[in-house]
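Peer 1: Sharing a model that was predicted from the sequence below.
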There are 4 protein chains.
Amino acid sequence: MVRVGIVNVTGYAGAETARLLARHPDVRLVATTGRSAAGQSLGDVFPHLADLDLSIQDELPDVDVAFSALPHHASAETIPQLVERGQRVVDISADYRLHDAALYERWYGAHPSPDLLAEAPYGLPELHATRIANARLVANPGCYPTAAILALAPVADLVEPQVIVDAKSGVSGAGRSLNLTTHFCEINENCHAYGLSGHRHLPEMEQELGALRAARRGDGAPLEVTFVPHLLPMTRGILATCYARLENGWSQAGLSAHYRDYYRAAPFVRVVDAPPQTKHTLGTNLCLIHPRLDEQTGRLVVVSCIDNLVKGAAGQAVQNMNLMLGLPEVVGLEAPALYP
Amino acid sequence: MVRVGIVNVTGYAGAETARLLARHPDVRLVATTGRSAAGQSLGDVFPHLADLDLSIQDELPDVDVAFSALPHHASAETIPQLVERGQRVVDISADYRLHDAALYERWYGAHPSPDLLAEAPYGLPELHATRIANARLVANPGCYPTAAILALAPVADLVEPQVIVDAKSGVSGAGRSLNLTTHFCEINENCHAYGLSGHRHLPEMEQELGALRAARRGDGAPLEVTFVPHLLPMTRGILATCYARLENGWSQAGLSAHYRDYYRAAPFVRVVDAPPQTKHTLGTNLCLIHPRLDEQTGRLVVVSCIDNLVKGAAGQAVQNMNLMLGLPEVVGLEAPALYP
Amino acid sequence: MVRVGIVNVTGYAGAETARLLARHPDVRLVATTGRSAAGQSLGDVFPHLADLDLSIQDELPDVDVAFSALPHHASAETIPQLVERGQRVVDISADYRLHDAALYERWYGAHPSPDLLAEAPYGLPELHATRIANARLVANPGCYPTAAILALAPVADLVEPQVIVDAKSGVSGAGRSLNLTTHFCEINENCHAYGLSGHRHLPEMEQELGALRAARRGDGAPLEVTFVPHLLPMTRGILATCYARLENGWSQAGLSAHYRDYYRAAPFVRVVDAPPQTKHTLGTNLCLIHPRLDEQTGRLVVVSCIDNLVKGAAGQAVQNMNLMLGLPEVVGLEAPALYP
Amino acid sequence: MVRVGIVNVTGYAGAETARLLARHPDVRLVATTGRSAAGQSLGDVFPHLADLDLSIQDELPDVDVAFSALPHHASAETIPQLVERGQRVVDISADYRLHDAALYERWYGAHPSPDLLAEAPYGLPELHATRIANARLVANPGCYPTAAILALAPVADLVEPQVIVDAKSGVSGAGRSLNLTTHFCEINENCHAYGLSGHRHLPEMEQELGALRAARRGDGAPLEVTFVPHLLPMTRGILATCYARLENGWSQAGLSAHYRDYYRAAPFVRVVDAPPQTKHTLGTNLCLIHPRLDEQTGRLVVVSCIDNLVKGAAGQAVQNMNLMLGLPEVVGLEAPALYP
């Protein structure tokens, strides 16, 4: 049995990783850490995980695969030691997602361990499965980029290079830390945009979609993303509504067929015929995608959705682990959504 | 005291009109109708309106101003009789919003009383106050168009003629009728796009923004709108995130000043410095607007929000009535939002 | 592989049964029926179940175990045929829960197949495991009775014979049918009691708690329940707050120990040290119970909670099936709650 | 124009007081204070109050009536100075609600200014209007006690002296301070009891109901309350379900008539014929009460509801102020509920 551990289990991404690992047949969660809660049992902090019968430790013992759910910076300060000790790591933080240390610095400040940037693949299995399978360290994507990149990847080289991602997120994406924005009374019966001066998930989208475009077209022209995230009064779910202009004429049928073909081997991506609902992904690793030509204007509209804590965080991390361990991608991730 | 009545009070727009009229100092709600509930007291159907001590009648008696909250088609079948009897009418339905009968037919079917189309101003007071003041019949705008047109009106002639309106609405916009979409269990903890094959509020936006553009530029070039509405798990509120490209260079400061100047005489429009929240409009007739240049791409993003049942329906109807009666626009509409 | 089927999969209880069976390792869901949706694929009606790749049929073929999720009366009209054909049945409806046909008639009208009443055990495994294991037909308990009976069973013979059950339920307990009560706009940001003139789940509570009391005390004195259900703005979850007076003096420690001892062999019942939260049961078959002596008054307060669609319906049905098939009770029901 | 001020406007009760005063025709809100936000404009902290055009000050200037929305202890440390300066005060905190300093100490710690306890009436106008009208200092009741006392006052002397109050509250009752309990993700789709070891609102209920009982019966026997509060996933609203046993036989008709008669002069109390819904009080000062004899058991069940921030806090404070100023009780408090 493969032994796995979670660094900083006390946030929502960490706890969700534990939930998914609890029912994984081929690995065993043997240890968790969490600074503020060290010494407590996992069940004290998260009653739904009481059956795992684990305590929260100060330091992670040696495991085969470690998940880091630390905040950015803290993750990049901790991971080099894990890698040096021979542990394979899935980093759920943002620290190794951007390949360019200068770009990282612009959005997050100076990088604590830039040497590892070059080797860490961007952990979106639908794009980088082979590199992930062989990596020591995988950079698990952000929640918004997962939804947006999967929505636009099939057409990254076929559209005019300015796209819009209007994304709507449940509150759990803001984490378990306390602030007024996530106080129930403030966000219940409410909705607003945020991050209008620039959200950290933007450069991930531009990096990945731009790389796809450049590779397929053989030129280096970037793809520019206007990204506006919104907070909604729900706990889980991201819906990304993406707007672009196709360079050539397409029919709706051709577009749907192109998307279906592109994702025919992706077990978690479903190209659907009606606007997808976040609730249909609740608790699952699915990404539902609906590409649509606007009949009035010919513009391309692609709507995608995920559970931000699963495909947008913990589930994708487990999917990456499966690839790293040579397991089928779907192991431990196959239960249907909780509905309604 | 001016005597007013509501035709079809039994939906959310009708009930909200009654709520607002209940506290209006210069008019008196003297009668309501509603086919399914005729004979009941208003308080039986809506306990929060019990103090009005009205019954729901079959037919509206003569009043000075009548509000029609009937569904489309039914409204245009009923209103001609009211107008002929000399009553002034605010139509909350969609029936007189589109000036072009052929366009109406394309979206709603044949118009029951097209002769009145020419005289009914589009009841957005920020654009058409003078015509509204003198009208017998005013076409109260749709909820989405109210948010979108107010967001884009100041720049209708300054942007490239393809704009995107990504709008998010609370569930009350779908009305009080029963369907699975609005079942609590289906939309709670859920979010989805709808109307991707064309939503009836689209032609209103194109009519009004196109007319503004044509008038200011002296040409007839239309303005094309890509409109994607979304349903959110909240009762009230619309947030419209609008995307456009300004034709000339603008600074953020210049943009904000332009918006403030444009709306300096509009008592219900507030140009705000942070992304507005729907909750800040709850129960009020306000429209909050935040114009923003995307620093990354130079694209214009305008976020606006309203309470869909007030500025998006009943409040705007009362505002129109105030204009028609020569009252200050704000009478009866000044209470602060319910927050939190 | 055991073959199972669901009669009337199109409600929430039916769909939830399908969700749970989808991940059960020892049985295979081979058929579903549903009158209104017959001929459609299951994935058309419930996208989250698309992977099951089943169609909704008119009639159930022969299976080893059938779940009936029909409404009451319809269930008792259908089940006799299934039983005669040799199928074992778990009835999720109310039809066989009350052993007394006259009592059934008082609450539901005349019973369509009273002959089967005598043989159908009340399917609460914590009380009747042996009878369930040997039954052809099991009457799956109501959601409220499950929470209330498990809360009070340990003290059914130790309290004064008048107890109060103040229960709070999520909206899914009201089913997937449409009515104004479950319209999002009506129940969102709202809470109210209902059923004050008598709720059909009351006689189940009195039957089971009364039987426990009578058996242990050797007398036939009934136990009288005042039951007030409330509807809350959430999709899933029941919280039952039960009030009683213990006849003899108890300490908090003794009370907790008594409860723990009573449920020591019940894999899904957890006696917890803090007031339990419905969210900690989301998607699971757990019942969390917190017995508490009110320090001020000496009164016993027992708070219990379940997911009304799992332990309150589909999960308990699968638990019953496991017992009927000689499988461990927990098979297919062990995943942690979805949290947050 | 009467000049009023709010001490500590920055919590929900303070802000709600400002909202109500903003539309009060006979008083003018001239000043607000708030330690953490001193120096900011009120509109910066609460955009919905921007039109009041007030700044948040360090100290309250002289006003005719001051509202204290400070936390307990802090309020009793501040109010003596206000009273000495000749200002009349409505204290929204708990500090002067309990007449017995020893009882206060047991629940809140030593009282900072016990000398004022004797003169401050318990500010429930339906019980103490005359004393309130003449008071320098009024102790505004807690939210739970308001709902429970109004529900049981008509029968305080007619029931067996052990009653149960099972109360359900929206999250705003927990205030605007940050803690994990009120994080959106924790309480959304959740419900739980709390305060099982004793909630501070309990002694208020016992004081007021006991005093009513003793006065009417001429004996000093206390009335004992078992009080269990619950937190629900909604922002506003309290529903109290109260259980008692009437000593003598009553009919439903007689009971309803008794309640109606008891409250015939109370403008904000409505005795209703169906279980009341919290939403029907949203934003209003109403208390809806439904007394009901349980047909099965003869037990009395009384369900009452209020908006916890209005009748449960700010609205009742304004009602008290109206009495103190010799104004009609309802001035400024008459707008219908926001529904849906």
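Peer 2: Perfect, thanks for sending it. Numbers count the residues shown, from 1 in each chain, chains lettered A, B, ... in the order given.
Peer 1: how distant is stretch A:129-141 from the center of its chain?
Peer 2: 13 Å (CA atoms, centre = their mean, to the nearest Å).
Peer 1: what about the helices in chain A?
Peer 2: Counting by DSSP state H, chain A has helices at residues A:12-22, A:42-45, A:74-84, A:101-108, A:125-133, A:143-152, A:184-187, A:202-217, A:252-262, A:315-324.
Peer 1: Give me the contact list for the third one.
Peer 2: I take that to be helix A:74-84. A:7-8, A:60, A:66, A:68, A:70, A:89, A:91-93, A:95-96, A:111-113, A:115-116, A:136-137 (CB atoms under 8 Å, 6 or more residues apart in numbering or on different chains). Where C-beta positions appear, they are placed from N, C-alpha and C, glycine not excepted.
Peer 1: Any idea how far that helix is from the middle of the chain?
Peer 2: Here helix A:74-84 is found 20 Å from its chain centre; the criterion is CA atoms, centre = their mean.
Peer 1: next one: the longest one
Peer 2: Computed by CA atoms, centre = their mean, the chain-centroid distance of helix A:202-217 equals 16 Å.
Peer 1: Can you list the buried residues in it?
Peer 2: A:202-214 (16 or more other CB atoms under 10 Å in any protein chain shown).
Peer 1: Leaving out the residues flanking it, which one is nearest to residue A:337?
Peer 2: Leaving aside its chain neighbours, residue A:337 sits nearest to residue C:48 (3.8 Å; criterion: CB to CB, 6 or more residues apart in numbering or on different chains).
Peer 1: Just to check, the one you found is in contact with residue C:19?
Peer 2: Yes - Residue C:48 lies in contact with residue C:19 (CB atoms under 8 Å); the separation is 7.1 Å.
Peer 1: joint contacts of these two?
Peer 2: Common neighbours of residue C:48 and residue C:19 (CB under 8 Å, 6+ apart) are A:336-339.
Peer 1: Which of those sits closest to residue D:244?
Peer 2: residue A:338 (40.0 Å; CB to CB).
Peer 1: Spit out the contact partners of the residue of chain A most remote from its centre.
Peer 2: Among the C-alpha atoms of chain A, the one most distant from their mean position (CA atoms, centre = their mean) is that of residue A:296, at 33.0 Å. By CB under 8 Å, 6+ apart, the contact list for residue A:296 reads B:198, B:202, B:224-226.
Peer 1: out of the residues you listed, who has the most neighbours?
Peer 2: Neighbour counts for those, by other CB atoms under 10 Å in any protein chain shown, peak at residue B:225, which reaches 27 neighbours.
Peer 1: Find the nearest non-adjacent residue to that residue, please.
Peer 2: According to CB to CB, 6+ apart, the nearest residue to residue B:225 is residue B:205 (4.8 Å).
Peer 1: now the stretch 1-150 of chain A, which segments are flagged as low pLDDT?
Peer 2: Along the stretch 1-150 of chain A, no part satisfies pLDDT under 70.
Peer 1: Contact residues of chain A facing chain D?
Peer 2: Within chain A, the positions lying close to chain D (CB under 8 Å from any CB of the partner chain) are A:12, A:171-172, A:176, A:178-180, A:182-185, A:187-189, A:233-235.
Peer 1: Show me what residue of the stretch 101-250 of chain A gets nearest to chain C.
Peer 2: Residue nearest to chain C within the stretch 101-250 of chain A: residue A:235 (5.5 Å; CB to the nearest CB).
Peer 1: circling back: would you report the backbone torsion angles of the residue farthest from the centre of chain A?
Peer 2: phi -70, psi -40 (degrees, to the nearest 10).
Peer 1: circling back to that earlier point, just give me the neighbour total for the residue nearest to residue A:337.
Peer 2: For residue C:48, the neighbour count with other CB under 10 Å is 26.
Peer 1: Break down chain A into its strands, ranges please.
Peer 2: A:2-7, A:27-33, A:56-57, A:65-68, A:88-91, A:137-139, A:162-169, A:192-193, A:224-231, A:238-244, A:269-271, A:287-293, A:300-306 (DSSP state E).
Peer 1: TSV for those strands, including distance to residue B:254?
Peer 2: As requested, those are arranged in TSV below (distance: least, CB to CB, whole Å):
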stretch	distance to residue B:254
strand A:2-7	48
strand A:27-33	51
strand A:56-57	53
strand A:65-68	45
strand A:88-91	43
strand A:137-139	40
strand A:162-169	22
strand A:192-193	21
strand A:224-231	20
strand A:238-244	26
strand A:269-271	43
strand A:287-293	36
strand A:300-306	31
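Peer 1: Do I have it right that residue A:300 meets residue A:258?
Peer 2: No - look at residue A:300 against residue A:258 with CB under 8 Å: they stay out of range, at 11.2 Å.
Peer 1: tell me, what's touching those two both at once?
Peer 2: A:155, A:250, A:291.
Peer 1: Name all residues that make contact with the first one.
Peer 2: Think residue A:155. A:244, A:246, A:258, A:291, A:300, A:302.
Peer 1: who does the second one bridge with?
Peer 2: Going by DSSP bridges, residue A:246 is paired in beta bridges with residue A:159.
Peer 1: For it, give its distance to chain B.
Peer 2: Distance of residue A:246 to chain B, computed by CB to the nearest CB, to the nearest Å: 13 Å.
Peer 1: Now do that residue, the pLDDT please.
Peer 2: Listed pLDDT for residue A:246 reads 97.
Peer 1: Which two of the contacts of residue A:155 have the greatest separation?
Peer 2: A:244 and A:258 (13.6 Å).
Peer 1: ok, the two, which is more surrounded?
Peer 2: residue A:244 (24 against 16).
Peer 1: Which residues lie in contact with the more buried one in this structure?
Peer 2: A:152, A:155, A:159-160, A:162-164, A:299-300, A:302.
Peer 1: Going by neighbour count, which of those comes out on top?
Peer 2: residue A:152 (29 neighbours).
Peer 1: I'd say it and residue A:208 touch.
Peer 2: No - assessed by CB under 8 Å, residue A:152 is found out of contact with residue A:208, at 9.2 Å.
Peer 1: Pick out whichever of the contacts of residue A:155 sits closest to residue D:272.
Peer 2: Using CB to CB, these come closest to residue D:272 at residue A:302, 50.3 Å.
Peer 1: rewinding a little: now the shared contacts of residue C:48 and residue C:19 in TSV, with distance to residue D:125 and pLDDT?
Peer 2: Below are the shared contacts of residue C:48 and residue C:19 laid out as TSV (distance: CB to CB, whole Å; pLDDT from 0 to 100):
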residue	distance to residue D:125	pLDDT
A:336	55	96
A:337	51	98
A:338	47	98
A:339	48	97
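Peer 1: Residue D:143: which of these is nearest?
Peer 2: Closest to residue D:143, out of all of the shared contacts of residue C:48 and residue C:19 and judged by CB to CB, is residue A:338, at 33.7 Å.
Peer 1: Pull the contacting residues for residue A:112.
Peer 2: Contacts of residue A:112 (CB under 8 Å, 6+ apart): A:73, A:76-77, A:95.
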